[in-house]
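Asks: This is a predicted model, with the sequence first.
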Amino acid sequence: MQRPYNFSAGPAAIPAEVLEQAAADMLDWHGCGMGVMEMSHRGKEFISIYEQAESDLRELLAVPEHFKILFMQGGGLAENAIVPMNLSRAATVDFVVTGSWSQNSQKEARKYASEVNVIASGKDSHFTTLPDPAYWQPSRGASYLHICTNETIHGVEFHELPDLKALGVDAPLVIDFSSHVASRPVDWSRVGLAFGGAQKNIGPAGLTIVVVREDLLGHALTICPSAFDYKIVAEHQSMYNTPPTWGIYMAGLTFQWLKRQREGEASGVAAMELRNIAKAQLLYNAIDQSGFYVNKVAANCRSRMNIPFFLHDESRNDAFLAGAKARGLLQLKGHKSVGGMRASLYNAMPLEGVQALVSYMREFEQQHA
Ligand code: PMP
């Protein structure tokens, strides 16, 4: 069955093979007589699903042994509180603000840290550029430095993680990788903690992935709920309370799908990165070469995952969206805070989907230019 191409920013498209497998397992997982949603999280069936998912994610992202992988709930916004409750030590924390999501994060941290310093910001460029790490002004003795490595709304992405050690900063780097997790490899030597909701590149909403360096565990504030204390969660293999079992199972199917992906010699996340570069390039070229559409983000930090674009003549927006929907190109409307259009090209979006979008954009331009 040819499904429409779904450009949603999240919850987002899931590979058809993953959904088909989930449908096949729905009433009876591997002949055990139960669907995954009906199983005890402590039974051997679910434990095997959990262990496979954890080890596949570790392999896909090459997560070193001295990092814990936690499967939590609450999404990215809850992590905006959970991170400072665990890592701030009620002291100073630093933020680089590059768009709506890091802006949200720094606001929430003010409830838990004694001081929150925005040490660099892309605000002056309306979040179309990323402040150069060479000019950041980190606070002395900050407990951590937070960045959002892909801003889902503004469409800016750090193509390389900042090397804090090279900048003379001891604080661990915290990254919100919600909207580009598993789209490219991660340099863990530069990261203290990474978090992200699953509902963009990994599976259904309800599961949050946290990858945290072991030495950062055990410093939670006393007000931190036990279920959100990373040390407690880690000691219980993410089963201190009932984990999001369905989300973990679906993520596990996506991890298996990712492991099967090949692009030339590359496989898994490296293959996805090559594909994601090609997909994004195709769409950015189409936008840049037209006088009808525009994307304002600087070339060196354009997101491969979330591509906001605008029609020069915004009165055509509704017609553009209606025509797109009629051709099976869904959920292209931009975020309400910025307007225009946004195409999210997560791992589950094939190159053919971007080709279909680009050819529709050319056709619409010819009709309306
Ligand atoms: N961070 C980023 C980068 C996001 O894109 C989002 C959601 N779009 C969030 C945080 C918030 O995630 P949630 O809605 O799961 O709390």
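Replies: Done, it's in.
Asks: Around the ligand, pick out the residues from the stretch 51-200 of the chain.
Replies: Residues of the stretch 51-200 of the chain that fall close to the ligand, judged by C-beta under 6 Å from any ligand atom: Gly75, Gly76, Leu77, Trp101, Cys148, Thr152, Asp176, Ser178, Ser179, Gly197. Quick note: C-beta positions are derived from backbone N, CA and C, even for glycine.
Asks: just those now: which is nearest Lys111?
Replies: For those, the closest approach to Lys111 (C-beta to C-beta) belongs to Leu77, at 12.7 Å.
Asks: Filter the residues of the stretch 51-200 of the chain next to the ligand down to just the ones in strands.
Replies: Cys148, Asp176, Gly197 (DSSP state E).
Asks: Redo those as CSV? Include pLDDT and neighbour count.
Replies: Below are these laid out as CSV (pLDDT from 0 to 100; neighbours: other C-beta atoms under 10 Å):
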residue, pLDDT, neighbour count
Cys148, 98, 30
Asp176, 98, 27
Gly197, 98, 29
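Asks: Can you flag the buried ones in the residues of the stretch 51-200 of the chain next to the ligand?
Replies: Among those, the ones that count as buried by 16 or more other C-beta atoms under 10 Å are Gly75, Gly76, Trp101, Cys148, Thr152, Asp176, Ser178, Ser179, Gly197.
Asks: mind putting the residues you listed in a markdown table, distance to Met85 included?
Replies: Listed next are those as a markdown table, based on distance: C-beta to C-beta, whole Å:
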| residue | distance to Met85 |
| --- | --- |
| Gly75 | 15 |
| Gly76 | 15 |
| Trp101 | 19 |
| Cys148 | 19 |
| Thr152 | 24 |
| Asp176 | 16 |
| Ser178 | 18 |
| Ser179 | 23 |
| Gly197 | 18 |
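Asks: Identify the farthest-apart pair in those residues.
Replies: Gly75 and Cys148 (13.9 Å).
Asks: so where do the strands sit in the stretch 251-369 of the chain?
Replies: For the stretch 251-369 of the chain, the strands defined by DSSP state E, counting those that start in this stretch cover 262-263, 266-267, 293-294, 306-311, 329-330, 341-344.
Asks: Point out the most buried one among those.
Replies: strand 341-344 (a mean of 25; mean count of other C-beta atoms under 10 Å).
Asks: Against which helices or strands is that strand packed?
Replies: strand 306-311, helix 317-326 (3 or more C-beta pairs under 8 Å, 6 or more residues apart in numbering; DSSP states H and E).
Asks: contacting residues around the first one?
Replies: Under the contact criterion C-beta atoms under 8 Å, 6 or more residues apart in numbering, strand 306-311 has outside partners 9, 150-155, 179, 280, 283-284, 287, 292-297, 317, 320, 334-335, 338-345.
Asks: now swap in the longest one and tell me
Replies: Contacts of helix 317-326 with the rest of the structure, by C-beta under 8 Å, 6+ apart, involve Leu311, Leu330, Leu332, Lys333, Gly339, Gly340, Met341, Leu357, Tyr360, Phe364, His368.
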